[in-house]
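Novice: Just a sequence and a predicted model for now, questions to come.
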Amino acid sequence: MFSISQDFAPPFKLISPFFILGGVFYLLASIYIFFFTADNLFVQDTKVLSFVHLYLLGFVMMVIFGAMAQLVPVVLEVGHSAVELFYAIWPLLGIGTLLMAVGFLGYPALLPYGGTVVLISMMIFVMEIFSTIKKVKKFSLVISSVLISNTFLFFGIIFGLTMALGYAGVIEVDIISLLRSHVYLVIGGYIIVTLMGLSVVLLPMFGLSHGFSMRPLEISITLMSISVVLVVISSFVQYFFIEYTAYALAVISMFIYFYMTYTIFKTRARKEIDIYVMSLFFGYISMVVAVTFGVLYLFISYEPLLLASGWLMFFGFFGFVITGHMYKIIPFLVWFERFSPLVGKQKVPMLADMLPKKSSHAQFVFGAIGVSIIALAILMQNDTMIKAGASFLVVGAFALFRNVFFMINYK
């Protein structure tokens with residue numbers, strides 16, 4: 001069990017903009033889905049690229065960066081080297097995300113500027129994390145995962161900026177080759193390795209789990225890291241065996257990670273099925289289905305399978321695991337800063353009191369239905385179902401946006 005030292009905790013006003021902006025970009029990405037039709041659902045379509053950057057940079061990365069500002073001191077058990085730098089990260093990441101999303105929609109001249117601004121924000125984040133890690137005297141598996149994931153992020157954003165310059169015609173590069181490396185470095189190398197590492201911190205902390213083995217985590221992180229490196233190598237040497245070995249290792253890694261989370265849930269003392277647990281259930285089921293679709297795509301090369309796999313991985317797995325944790329992390333941080341000094345002096349609320357129960361359940365139900373309908377719509381190439389799924393998703397996104405403000409402003 002990890003504890004949070006008040007000496008290391010950054011002020012909540014530094015972290016809250018990350019969650020607010022994350023909610024805004026989640027809502028924008030959900031509305032964006034109305035503009036998709038079955039005709040433009042291709043991996044390299046500019047609308048798809050715009051949507052992916054809007055969602056991954058604006059929601060996924062924004063919320064992860066905000067959470068890491070708080071969790072890094074918990075995991076590393078040292079204070080930030082320069083926590084004030086986080087005040088610069090969220091506006092730069094927000095501006096860069098918008099420039100890139102608009103740039104892909106028909107204004108490619110904006111891509112180098114958006115890519116550069118995103119690069120600056122992420123380089124500030126990575127350098128601050130590296131500088132903080134230098135203060136650590138003893139490395140654990142979780143700390144190693146933070147170091148590995150941020151190293152992959154560093155190279156991922158270099159590849160991304162190079163591609164942005166290529167799209168804008170500033171330089172000539174093989175965008176197709178770089179795209180695979182960029183996607184794997186950022187998604188597999190950073191997002192998934194980060195989620196794996198933090199899982200053994202957050203899941204036991206919120207579920208009061210104990211007595212589980214860390215060995216599956218070590219194996220899954222190792223396999224995923226090797227997979228990412230092999231994909232990058234295969235992008236340049238174009239060797240079939242290396243590429244498919246990398247895919248196989250990634251699939252094995254994800255299933256071992258799923259097994260590890262299952263053992264953590266099995267050993268938890270807190271058996272309550274609340275919005276947090278429900279969100280994780282849906283997220284991990286989405287992950288298993290997404291990986292299964294990805295494996296099927298390797299055999300039958302039906303592109304809707306690849307798109308449905310990406311959709312379920314992004315909005316199903318990343319989306320619900322992140323929103324589920326927001327319902328735990330935000331109330332805890334607000335309570336820690338606003339009410340913990342009052343303990344013993346006056347009545348203070350419980351963490352459960354700070355969660356909008358009906359609205360959070362509405363967000364879960366509408367979001368889960370929307371994700372499921374759109375996954376089917378992608379497989380069936382059905383425009384009407386895409387719009388129907390987007391309608392559910394937007395209602396859920398509005399509920400999430402409201403819930404974030406409710407929790408942050410709880411008094």
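Specialist: Cool, got the structure. Everything numeric in this text was worked out from a predicted model, so none of it was measured.
Novice: Which element, helix or strand, includes the nearest residue to Ser372 once chain neighbours are set aside?
Specialist: Spatially, and ignoring its direct neighbours in sequence, Ser372 is nearest to Gly389 (7.6 Å; C-beta to C-beta, 6 or more residues apart in numbering). Yep, even glycine has a C-beta here, placed from its N, CA and C like the rest. Using DSSP states H and E, Gly389 falls within helix 383-408.
Novice: Next up, the contacts around the residue most central in space within the chain.
Specialist: Central residue of the chain (C-alpha atoms, centre = their mean): Val60, 3.8 Å from the mean position. Residues near Val60 by C-beta atoms under 8 Å, 6 or more residues apart in numbering: Ile191, Phe314, Phe318, Gly319, Ile322.
Novice: and the two most separated of these?
Specialist: Pairwise distances across the contacts of Val60 (C-beta to C-beta) peak at 11.8 Å, for the pair Ile191 and Gly319.
Novice: who has more neighbours, those two?
Specialist: Set side by side, Ile191 and Gly319 show unequal neighbour counts under other C-beta atoms under 10 Å, the larger going to Gly319 at 30 against 23.
Novice: what's near enough to touch the residue at the greatest distance from the centre of the chain?
Specialist: Computed with C-alpha atoms, centre = their mean, the residue of the chain farthest from its C-alpha average is Lys345, at 38.8 Å. Residues counted as contacts of Lys345 (C-beta under 8 Å, 6+ apart): none.
Novice: Helix, strand or coil: sort out it for me.
Specialist: Assigned by DSSP: H, G, I helix; E, B strand; the rest coil, the conformation of Lys345 is coil.
Novice: Now the phi/psi pair for it, please.
Specialist: The phi/psi pair for Lys345 (degrees, to the nearest 10) reads phi -110, psi -30.
Novice: my guess is Val72 contacts Ile129, does it?
Specialist: Yes: here Val72 reaches Ile129: they are 6.4 Å apart, a contact under C-beta atoms under 8 Å.
Novice: shared neighbours of these two, anything?
Specialist: In contact with both Val72 and Ile129: Val146, using C-beta under 8 Å, 6+ apart.
Novice: count of neighbours near the nearest residue to Phe159 once chain neighbours are set aside?
Specialist: Excluding its sequence neighbours, the residue lying closest to Phe159 (C-beta to C-beta, 6+ apart) is His182, at 4.2 Å. Counted with other C-beta under 10 Å, residues neighbouring His182 total 23.
Novice: Contacts only, for His182.
Specialist: Gly156, Phe159, Gly160, Met163.
Novice: so Gly114 touches Met163, yeah?
Specialist: No: the criterion here is C-beta under 8 Å, and Gly114 misses it with Met163 at 11.8 Å.
Novice: can you list residues touching both of these two?
Specialist: Joint contacts of Gly114 and Met163 (C-beta under 8 Å, 6+ apart) do not exist.
Novice: Could you double-check that Thr263 lies in contact with Arg215?
Specialist: No: at 10.3 Å, Thr263 does not count as touching Arg215 under the criterion of C-beta under 8 Å.
Novice: For the two, indicate the residue with more neighbours.
Specialist: Between Thr263 and Arg215, counting by other C-beta under 10 Å, Thr263 is the more crowded of the two (14 against 11).
Novice: what's the distance between the more buried one and Leu76?
Specialist: In this view, Thr263 and Leu76 are 25 Å apart by C-beta to C-beta, to the nearest Å.
Novice: Quick one: residues contacting Val43.
Specialist: Glu303, Leu306, Leu307, Gly310.
Novice: List just the nearest of the residues you listed to Met278.
Specialist: Nearest to Met278 among the contacts of Val43, with distances taken as C-beta to C-beta, is Gly310, at 23.3 Å.
Novice: Could you say which helix or strand holds that closest one?
Specialist: Applying DSSP H and E, one finds Gly310 within helix 303-311.
Novice: now for that helix, which elements pack on it?
Specialist: helix 275-300, helix 357-380 (3 or more C-beta pairs under 8 Å, 6 or more residues apart in numbering; DSSP states H and E).
Novice: buried residues in the first one?
Specialist: Along helix 275-300, these residues count as buried under the neighbour rule (16 or more other C-beta atoms under 10 Å): 275-280, 282-287, 289-291, 293-294, 297.
Novice: quick one: Ala67 and Phe332 touch, right?
Specialist: No: using C-beta under 8 Å, Ala67 is not in contact with Phe332; the gap is 11.1 Å.
Novice: need the contact list for Leu298.
Specialist: Tyr244, Tyr247.
Novice: how does it look with 7 Å?
Specialist: Listed by C-beta atoms under 7 Å, 6 or more residues apart in numbering, the contact set of Leu298 reads Tyr247.
Novice: Gln363 now?
Specialist: With C-beta under 7 Å, 6+ apart, Gln363 has these contacts: Gly396, Ala399, Leu400, Asn403.
Novice: more crowded one of Ala67 and Phe332?
Specialist: Counted by other C-beta under 10 Å, Ala67 and Phe332 do not tie: Ala67 has more neighbours, with 23 against 17.
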